[in-house]
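Visitor: need a structure here:
(chains A and B)
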Amino acid sequence: MRWFLKLFFLGAASMAVLVCCKTNREANRTGVNVLSGEESEDLKNRIEDIKKVFFLCPSPAEMLGDIDINKFDYQSWFLNPKDNADTYLDMKTQTLNLGIYITDLAYNALFGRHQETLDYFETVQTLSEKIRVTGAINDEMIRRVKDNAVNLDSLFAISNEAFMNMVSYCEKNSRSNTISLLSIGAFIESLYLAINMAAEFQETDQLINHLAEQKYALDNLVSFAETMPDDKSVSGLLVDMKPIRDIYEQLQTEGGQTVVKKDSTNKLVVSGGKKIVLSEKDFLRLKQETGKIRNKITGNSGT
Amino acid sequence: MNISFIKRAWIIALIFIPINSFTQECLEYYREGDCTMDINRSYKIYSQSKSFMMSPLDSVDLNIVMYGQKDYIFSFCTHAKLYPIHFRFIDPETQKILYDNLSDNFIESVGMGFNVTRNLTVRINLLARRATDNEISEKIGCVGMLIQYKNYFAERRHVQY
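Guide: A predicted model of the protein is given here:
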């Protein structure tokens, strides 16, 4: 009996050691050498072929916050109605629409629509609990929204915090696919809202530039989603997004080299580089395809 | 029954099991570690701030989107023995190094302004100069990258009712 117990505990301890060493060994096999010639020989010798890569994307509030909102009027009819939330029954639809709603929440917060912000906060809270992302929005946050009736920066910050909490919760619980669906839903809605803010196409418009530059966020979202090839929900969504990806892939670029300079305060200033150009034809195609996928996700008719 | 042996076995198991779940402890590190010393109230925390676990044998690439017409503060932090942190900003398209903190003696935070929106790869290595060879091969710790931003020009938002 004593020997059996000894063996059992020795086995348990060995298993624990093996489990925690596995990740590094796997990473070792799949890595890429990243050192350049200018680095010290010591560092070169030390670093093994291990490389971890993360693809990150701005929050919906940051994506919409990049637009000069003062030039536009608040248009509630573009938002996904709160009542639709009850009609989303499966986990994939709920997660995608949570991304849609959290973007609508950010839109309300950016326009300082206090009551609407509060309403969408409650919808986001309900839907996040349905997909078991609990605690991302709690009663304390709702109270802060209520208390910040006129403080726009606080509304913006709280809506951003809600999204970051959700991502953090999913990371904690190894739910990368949820992060992917949530982020893609948020991206589609921010694109949809931005496109519909532009009443007509003007090539030099800041909003048109913003739409073109969303290629960078899309690239990161797609690269992140492609790390989950076995997840049918994520890979199916990538197929749905293909028309939008195709439009962005064939956009023309112009401009020259990136220049980095230090200013008098020692701050690095990055200027130049390529500029992505969105033509009127591409804008109209993007508007149509974004409307299609957005309405497919929300279950709304029309574009 | 050899109680002390059982205790020892459990202690060994408990020492190692939490290391595997340590990743989770790192999630908020950029809000808790040395990075907090750089928090500037006139800036907002960018959602692409990130914490993760790495060892001096790893190399980590973070692909991020930087919106134009904004000033950013990048701050990097880790555990005492894992400093200095070597970070480089790389143009993902050309692989050209835009900034290498080697040129600033491995400074831990840097201010940066972007005139136009672009993507950026942040490549991180830990030099762990205060660690022994054994510690370098065994030590693994949290690393935080805190990004704060503010617009070049003050925002003039108005409430629409």
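
Visitor: Pull the contacting residues for B:Cys142.
Guide: Neighbour list for B:Cys142: B:22, B:25-26, B:29, B:33, B:51-53, B:78-79 [criterion: Cβ atoms under 8 Å, 6 or more residues apart in numbering or on different chains]. Backbone N, C-alpha and C define where each C-beta goes, glycine included.

Visitor: Correction: the previous question concerned A:Ile102.
Guide: A:60, A:124, A:159, A:162-163, A:166, A:182, A:186.

Visitor: Filter the contacts of B:Cys142 to keep only those in contact with chain A.
Guide: B:Phe52 (Cβ under 8 Å from any Cβ of the partner chain).

Visitor: Can you select the buried ones among the contacts of B:Cys142 for me in ChimeraX?
Guide: In ChimeraX, a selection of the buried entries from the contacts of B:Cys142 looks like this (16 or more other Cβ atoms under 10 Å in any protein chain shown):
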select /B:26,29,33,51,52,53,78,79
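
Visitor: Tally up the residues packed near the nearest residue to B:Asn119 once chain neighbours are set aside, please.
Guide: Distances taken as Cβ to Cβ, 6 or more residues apart in numbering or on different chains place A:Tyr216 nearest to B:Asn119, at 4.3 Å, with adjacent residues excluded. Each residue near A:Tyr216 was counted by other Cβ atoms under 10 Å in any protein chain shown, and the total is 23.

Visitor: Look at A:Tyr216 and give its secondary structure.
Guide: helix (DSSP: H, G, I helix; E, B strand; the rest coil).

Visitor: residues touching it, list them.
Guide: B:65, B:117-119.

Visitor: One more pass at 10 Å, please.
Guide: By Cβ atoms under 10 Å, 6 or more residues apart in numbering or on different chains, the contact list for A:Tyr216 reads A:57-58, A:248, A:276, B:63-67, B:92, B:117-120.

Visitor: Ok, B:Thr78 next?
Guide: B:29, B:33-35, B:51, B:54, B:56, B:84-85, B:108, B:124, B:126, B:128, B:141-144.

Visitor: One more: A:Glu254?
Guide: A:274-277.

Visitor: Just the buried ones among the residues you listed, please.
Guide: Among those, the ones that count as buried (16+ other Cβ under 10 Å) are A:274-276.

Visitor: Just the ones of these in strands?
Guide: Among the buried ones among the contacts of A:Glu254, DSSP state E puts A:275-276 in strands.

Visitor: Now flag whichever of the contacts of A:Glu254 is closest to B:Asp71.
Guide: A:Lys275 (20.4 Å; Cβ to Cβ).

Visitor: What's the local residue count around the residue nearest to the closest one when sequence neighbours are not counted?
Guide: Leaving out its chain neighbours, the residue that sits closest to A:Lys275 by Cβ to Cβ, 6+ apart is A:Gly255, at 4.4 Å. Neighbours of A:Gly255 under the rule other Cβ under 10 Å: 12.
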